[in-house]
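*Asks:* Provided below for reference: sequence and predicted model.
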Amino acid sequence: MKRIVWLCGILLVSQITGCASLNTSTGTAEDQIDYWLDRQEYGKALALVRDVDTSPSPVISNLQDTREKISAHIASYEQQVIAMADIAAATNDWRTAFDLYREALARLPDSTLLQQGEQKLIQSHAEHLERLELERLIAKGEWTLKDLETRKVAEANKSGSWLGRYLLKRKIADANALGLELAGYGKRALERKDLPLANRILPLALNLSNTTETRALSTQLQEALTPEARKDEETPTLNEQQRIAEKKVVARRTRADQHAKEGRPGGNGQEQNDAKRLMAEFRKACQEKQYVEAQQLMAQLKRQGVDTQEFEKLSAQLASDVATHVKGLIRIGVIHYSQQQYDQALAVWKQAQVLDPENEQLTARIKRVTRVTDNLQNLRLKSGAAQ
């Protein structure tokens, strides 16, 4: 009896082995490549193609088509990672951005695009940290200047002790060091021709540290600002006739539009000025990708009946940009959710919902993650009560 069972086992194993060999001989390599592509394991898919290419009896009918298919998948994946990392960086979610590149480079370590994207992200992050440090220094400098002035007044109004004079000298020395540090930032701003930033830093640096270096930089700033001011003053006089002609054309068109459109409230000068101001703010918000502000301004302009060609063009572009941005935020939220970072996922999806409140997919995701966080909170409370 035992011998019969043993023989049956051998027959069963031989049948399974035979089926496996049959599968391998009928195109398992192509199925395996599709499997790796679905899992985004592009390195393994490429390695399998190389193995098949060197095999004496290739089991893939058209290696060139297979290579092109893998390359297309890789290109799409690279662009998706770069776009999502850019969106994460734009919302100061640097951890997610770096995680995206780290995971992608683990899959495609030789990708030049991903390597360049990661280097660009590292540089952007460094610039972000430098901006934060500069804001901290400016705030510290403004506070130090006020504190120093208060100390000087207090010291002048009383018979100064040696301790008071000593502390005042320490304050002045600290202010001098801070002024020189700010002057370094101002100098780099001048080198980059970032005059607004230099004009924000250098006057403060000079008030904190009236040294030869800060005075020289302040003089350089004034010399750089003077041509700009002169240019701004002279520009209107250069094309005065052209500007007058354009204003007349615009005025005629405005009057014609007002007569042609019935049912709208008559525009007076104040309303026209408000519309121009709103339009300028709307244009700026669109350019700076301040989507929430841009949407609010667009709604105000629509209520005022503005329908110029520029407004229609900017509105269409804003809708497209917002849709792309919302999709990116949804993907970032999905990444947080998959890593069980539910609070971060909820925060990102709520940002997206502000831009697209009618998005049913977003509403469903927010309800789901809220339900998960509520359940986790209840479990923690029960666990604490049990202990």
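*Replies:* Structure's in. What do you need?
*Asks:* shaky segments in the stretch 51-200 of the chain?
*Replies:* Along the stretch 51-200 of the chain, the parts satisfying pLDDT under 70 run over 53, 55-61, 63, 154-161.
*Asks:* Domain boundaries for this protein, per the record?
*Replies:* Taking automatic domain parsing as the domain assignment, the ranges for the chain are 27-110, 112-252, 273-376.
*Asks:* Dump these into CSV; add distance to residue 382 and mean neighbour count as well.
*Replies:* No exception for glycine: its C-beta is placed from N, CA and C like everyone else's. Compiled in CSV, the domains of the chain are given as follows (distance: least, CB to CB, whole Å; neighbours: other CB atoms under 10 Å):
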stretch, distance to residue 382, mean neighbour count
domain 27-110, 31, 16
domain 112-252, 41, 14
domain 273-376, 11, 16
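*Asks:* Can you get me the start-to-end distance on stretch 182-201?
*Replies:* Start and end residues of stretch 182-201 are separated by 6 Å (CA to CA, to the nearest Å).
*Asks:* what does that stretch contact?
*Replies:* With contact meaning CB atoms under 8 Å, 6 or more residues apart in numbering, stretch 182-201 is reached by 134, 137-138, 141, 202, 204-205, 208-209, 213-214, 217, 220-221, 224-225, 228.
*Asks:* before we move on, what about stretch 106-115?
*Replies:* Stretch 106-115 is contacted by residues 40-43, 74, 77-78, 81-82, 101, 104-105 when judged by CB under 8 Å, 6+ apart.
*Asks:* Could you measure from residue 62 over to residue 45?
*Replies:* The spacing between residue 62 and residue 45, counted by CB to CB, to the nearest Å, is 15 Å.
*Asks:* Same question for residue 334.
*Replies:* Separation of residue 334 from residue 45 (CB to CB): 24 Å.
*Asks:* show me where pLDDT drops low in the stretch 251-387 of the chain?
*Replies:* 251-269, 383-387.
*Asks:* Where do the helices of it begin and end?
*Replies:* 269-287, 291-303, 309-338, 342-355, 360-386 (DSSP state H, counting those that start in this stretch).
*Asks:* Please apply the same query to the stretch 51-200 of the chain.
*Replies:* 63-90, 94-107, 112-156, 162-191, 195-208.
*Asks:* With distance to residue 277 added, can I get those in a markdown table?
*Replies:* Below are the helices of the stretch 51-200 of the chain laid out as a markdown table (distance: least, CB to CB, whole Å):
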| stretch | distance to residue 277 |
| --- | --- |
| helix 63-90 | 27 |
| helix 94-107 | 36 |
| helix 112-156 | 28 |
| helix 162-191 | 30 |
| helix 195-208 | 21 |
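*Asks:* Which of those helices sits closest to residue 341?
*Replies:* Nearest of the helices of the stretch 51-200 of the chain to residue 341, taken as CB to CB: helix 94-107 at 9.0 Å.
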